[in-house]
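Colleague: sequence and computational prediction follow.
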There are 2 protein chains.
Amino acid sequence: MATVNTKTGQSIDRTVLDSMLRRRMFYTPSFEIYGGVSGLYDYGPPGTALIANMTDLWRKHFVLEEDMLEVDTTMLTPHEILKTSGHVDKFADWMCKDPKTGEIFRADHLVEEVLEARLKGDKQARGEKVVVDEEKEAKKKRKAKGTEAKKLDDAVVKEYEETLAQIDNFGGPELEQLIKKHDIRNPVTGGEVLPPVSFNLMFQTSIGPSANMPGYLRPETAQGQFLNFAKLLEFNQQSMPFASASIGKSFRNEISPRAGLLRVREFLMAEIEHYVDPEGGKKHARFDEVKDTELTLLDRNVQLSGSTKLTKMTIGKAVEIGLVDNETLGYFLARIQSFLLKLGVDPTKLRFRQHMANEMAHYATDCWDAELQTSYGWIECVGCADRSAYDLTVHKEKTGAPLVVRQARAEPLRIEEYQIELEKKKFGPKFKKDAKTVEAAVEALSQELREKLSLDLEKDGKIEVDVEGVGSGKVEIEKDLIKIEKRTRVENVREYTPNVIEPSFGIGRILYSMIEHSYWSRAGDETRGVLSFPPAVAPTKVLLVPLSTHASFKPLTQRLTSKLRKAGISNRVDDSSASIGKRYSRNDELGTPFGITVDFQSVQDSTFTLRDRDTTKQVRASEDEILQAVKSLVEGDETWEDIRKRLPEFTSQEIEA
Amino acid sequence: MATVNTKTGQSIDRTVLDSMLRRRMFYTPSFEIYGGVSGLYDYGPPGTALIANMTDLWRKHFVLEEDMLEVDTTMLTPHEILKTSGHVDKFADWMCKDPKTGEIFRADHLVEEVLEARLKGDKQARGEKVVVDEEKEAKKKRKAKGTEAKKLDDAVVKEYEETLAQIDNFGGPELEQLIKKHDIRNPVTGGEVLPPVSFNLMFQTSIGPSANMPGYLRPETAQGQFLNFAKLLEFNQQSMPFASASIGKSFRNEISPRAGLLRVREFLMAEIEHYVDPEGGKKHARFDEVKDTELTLLDRNVQLSGSTKLTKMTIGKAVEIGLVDNETLGYFLARIQSFLLKLGVDPTKLRFRQHMANEMAHYATDCWDAELQTSYGWIECVGCADRSAYDLTVHKEKTGAPLVVRQARAEPLRIEEYQIELEKKKFGPKFKKDAKTVEAAVEALSQELREKLSLDLEKDGKIEVDVEGVGSGKVEIEKDLIKIEKRTRVENVREYTPNVIEPSFGIGRILYSMIEHSYWSRAGDETRGVLSFPPAVAPTKVLLVPLSTHASFKPLTQRLTSKLRKAGISNRVDDSSASIGKRYSRNDELGTPFGITVDFQSVQDSTFTLRDRDTTKQVRASEDEILQAVKSLVEGDETWEDIRKRLPEFTSQEIEA
């Protein structure tokens, strides 16, 4: 486990945190009573509420703010679409099988695990301090060969370290070489593994009652958006640029998932496909609004030099010097950052890392990831890729659908070109059944060939054209059948395939990282955990706590809960017989930011105390004042400091029992 | 197409409505540029916004109102769970194959189609008026054998009609008999079809890289909720009754789906599992709040008598006379109705129909459907089933997990019973490796057997017990190894498996029906469609329309849009060059309830006109007054009539061009 500290400076003990999150049912392994399935998790009530609040914020921050066209497309996707998009061929990981045990490893993870174990053994042999990765140790429950303290040559250490730094950059053949070269084996049994084979990560199924329509569960929401491009452009009244957006589950049949919510087989994504004219430098109309935003960057060249040195820079500067390719990409990087900060992400644990060339998805031309630092290391949480015109082009070519923008030109475009005219009536009698094939071949001729052939025609009175599948493959056409002339064509309409900038959010990964960033414990007491979610994100905003189970409190809590509900503020009553302190502790773990205590004085004068989770300080005021304060806090109009200044403080022994 | 009228008394032409919904991108066939896949639809921007607003209302109406525990569980589900739940064996339809053409029919639909065609032919031959089902005609594009006008015997007509009335009640063997008896064939080719075979409706897949974990896409969200029951009860601090809830996609691999959004292969469900003590008549603490709600009911007995006569009755009365089994079921029926009415469902097109015995899902003991009347007939939109203890029991038996409630008894329960004591130390030496098996067999003995054996033991000094797999299958135990005595056991804790009442909402079906109920056209002009969604449901609340593209309007629309957004009111600007009338017409079709026009007077004095979609009437007032009116309308605090009374009316030729 990487050593990461909470904002109060404690180091995070993930075992304690995980146990708290499961106890409070933020999430739980799916099908646990059946033994569970790795890589599948259910969200309990607080986790589900967090996700609802996160997606709600996402909708407001992106979709409503920029009039994006949100769509909801199916997860079931026929084979043909994902064949065209490249996923059938390229959405894969490399896996190795141990033929003796039948165990299957993800090849890059296997190499990583074994080399890291050897480096650790080397450090031990050299008497250096070893940071124990408890997570890996605990999960594997196996003694990897090579974890014994064994010194390595300095050159070997260097080679291992360089290999590890580039591990994301290797494909199957390179991994096979590494496995041979470093004699990498099954860490438990020491048995040899077979060479890596490619494993497609899509879940396959069959649509309909006959077996003739194979399909997959989508690996991303993007394809459904692209397929609707023409209709969305029409819906947007042909106006460019615009974006579509979608929130929905996607799937990835991980080979051997082992990192909690960070590597799962079914996950919620929120994706934006922003369509932009590739000409004119991909400017963005609102770039000025964000240009002074400072980001922490880790660019491609720094990484290739073997370093992870971070640079702070405004996004305006980064675009200006070409580090970030264009304004639209830059605009979204800044907007992604402001979204993450709204969720309560710690700005010191956020960086934007540029993908290296071999690491990028098959469709991307540039990609920056927003990474969040957690006890698992730096985690990719949002990808922001420039997919260029890749997807719209392949689908257009496959289906012939007009996935293009047609735009009236300000100035008509005049094009000098060789045009061909065929005497079609004579083609039939001459070429018979081949007539259409010959016509198509002629019309497909390039400008260069047309120029040459026009000279041939003038000189010889006939031309010879390559036509695959007809006669000898060469066809002679006489000048009474064809005319080739240089003419001027005037284009009043410009047709282009837009480029796509895609910010793509892994909601579960953001959720987990955000939880780590919000986590601390009171006075260093690990048993008193607190999740300091911002009020807008917190699963429940207000806890209502009657001092005891005394009957006189009930009408008051009912009145408060109904008023809060009417104001759209989620709240829960805890009228259990546990002590007030215990009830608040439970809600500290749930991240509930505010608490209202109902006591005997409340019954007499309708005043209540309001407690702040982070400081545990309280104020006391009238019902209306307290409700107004809560509303103002939840909607972000005031902070707790503001409230404390204007309402009288309250202290009481019994409350903080 | 069933003849159904809009609320303004026009008959609904589904072709016109469908074309409007597709033009405005409420929904669209998925993968249309690849030819589409039947039963799969994408939602465009207005459809997606409708769904978001519906689920938001659902959360407020059910989850927040009753502190339900919302969870989000995975769609991927291993085989074993759905085997236990009964879905692997029973979640199936019957299908028939035409061996010549390879075409596959859903057996009940085939019988229905052919018999209906013959009845139609009979009516034609008798010279009666035939209501043409355009939908079926258009979709099938085939001339069914038997649609020719051909008179049938009166007895045959009666038989066909009775068969059709009970079609949902037939299984495979009955359908096979009907097909033989009535010589039912492929309607297009007249070819014979093979006997019906069962087709499981779950999409199958494989989880992980090896092929040893088959799984399915869930057919309902319910199972994920049941599997978490013990944790949810713990989260709810052991307090009963309570409910879990979930909103998510489920899947059903329909054999041959043909009814638009009403029969799809991937669909959004919102399900509640309300856990209740089976003892004490399943009372509900808030039943009093709903008991005077009047519902339109169609009970089981009326249907079995071949009638569809509806009864109006308060839910209080229906529970009292036992028509609806218990208060909890009744409470939810009333709450379902109030939810549907909030969405804008027409109360005259809503009924609750009780399932007939053979029609119920394998897990249900009673079930009422909320059905909405549309041009497709009465459509099941919400099911409300009493699943009894079925699911929790089967999962508990399979896994041994304690899916039970343990409750301290007010009075300890005293039970007289025969108890067995074993001399375990002597068991080992005597039975060796079989000792544990023998022990288990003895401990599993029923009270009746124990009584008999205690007498044997007294009489013979030994007993004989059946132990499968040990020796001859019978084992002798002497009295020094065993004691059987009648004793009193005191139980302080009551342990029970809760029953489940399940309201289950098909969001897509509700959405489609609600659209039909909201649809009408202006002055009977079919080209001027209007969708009168309630403001809370409408995809966009306010349209901002500058009078022209004049530059002076831009700052005003920007100011309005930003103020509306801040108030959480979704709005769109249409500053296209189309006439104001055209822009409003477009938004009538999108169901946008209000419009604000920005004109030259607005530039001078910051007054604006506010237009009501349904009446097309307008008022004019200051910016603050208009914004306050919009907020009040959208939040349901005032109606348009209220606004009209207090703000000055505005009429202008140019606006309604």
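Modeller: Cool, got the structure.

Colleague: assign a three-state SS to A:Leu297, would you?
Modeller: Secondary structure assignment for A:Leu297 (DSSP: H, G, I helix; E, B strand; the rest coil): strand.

Colleague: do you know how far it is from A:Leu341?
Modeller: 16 Å (C-beta to C-beta, to the nearest Å). Where C-beta positions appear, they are placed from N, C-alpha and C, glycine not excepted.

Colleague: neighbour count: these two, which is higher?
Modeller: A:Leu297 (20 against 13; other C-beta atoms under 10 Å in any protein chain shown).

Colleague: pass me the low-pLDDT residue ranges in the stretch 201-350 of chain A, would you?
Modeller: Confidence mapping of the stretch 201-350 of chain A against pLDDT under 70 gives zero matching residues.

Colleague: do the stretch 1-150 of chain A as well
Modeller: Of all residues in the stretch 1-150 of chain A, those with pLDDT under 70 make up the ranges A:1-2, A:129-147.

Colleague: which positions in it make contact with chain B?
Modeller: Taking C-beta under 8 Å from any C-beta of the partner chain as the measure of proximity, the stretch 1-150 of chain A contacts chain B at A:24-25, A:28, A:30-34, A:37-38, A:40-45, A:47-49, A:51-52, A:59, A:64-65, A:67, A:69-78, A:80-81, A:95, A:102, A:104.

Colleague: list the contacts for the residue nearest to A:Tyr512 when sequence neighbours are not counted?
Modeller: Nearest-residue entry for A:Tyr512: A:Leu261, 4.3 Å, with adjacent residues in sequence omitted and distances by C-beta to C-beta, 6 or more residues apart in numbering or on different chains. Contacts here follow C-beta atoms under 8 Å, 6 or more residues apart in numbering or on different chains; on that basis A:Leu261 touches A:27, A:41, A:508-509, A:511-512.

Colleague: between the residues you listed, which is nearest chain B?
Modeller: The nearest member of the contacts of A:Leu261 to chain B, counting by C-beta to the nearest C-beta, is A:Tyr41 at 7.4 Å.

Colleague: residues touching the closest one, list them.
Modeller: Listed by C-beta under 8 Å, 6+ apart, the contact set of A:Tyr41 reads A:27-30, A:260-261, A:264, A:508, B:74.

Colleague: number of nearby residues for A:Lys398?
Modeller: A:Lys398 has 15 neighbouring residues, counting by other C-beta under 10 Å.

Colleague: pull the number of nearby residues for the spatially closest residue to it that is not a sequence neighbour.
Modeller: Of all residues not flanking A:Lys398 in the chain, A:Thr84 sits nearest, at 4.6 Å (C-beta to C-beta, 6+ apart). A:Thr84 is flanked by 19 other residues according to other C-beta under 10 Å.

Colleague: A:Thr84 contacts A:Lys396, correct?
Modeller: No - using C-beta atoms under 8 Å, A:Thr84 makes no contact with A:Lys396, being 9.9 Å away.

Colleague: what's near enough to touch A:Phe427?
Modeller: Applying C-beta under 8 Å, 6+ apart, the residues contacting A:Phe427 are A:435, A:438-439, A:481.

Colleague: okay, it: pLDDT?
Modeller: The predicted local confidence for A:Phe427 comes out at a pLDDT of 83.

Colleague: go on, A:Pro593?
Modeller: Note on A:Pro593: pLDDT of 97.

Colleague: I'd say it and A:Val537 touch.
Modeller: No - under the contact definition of C-beta under 8 Å, A:Pro593 does not touch A:Val537, with a separation of 9.4 Å.
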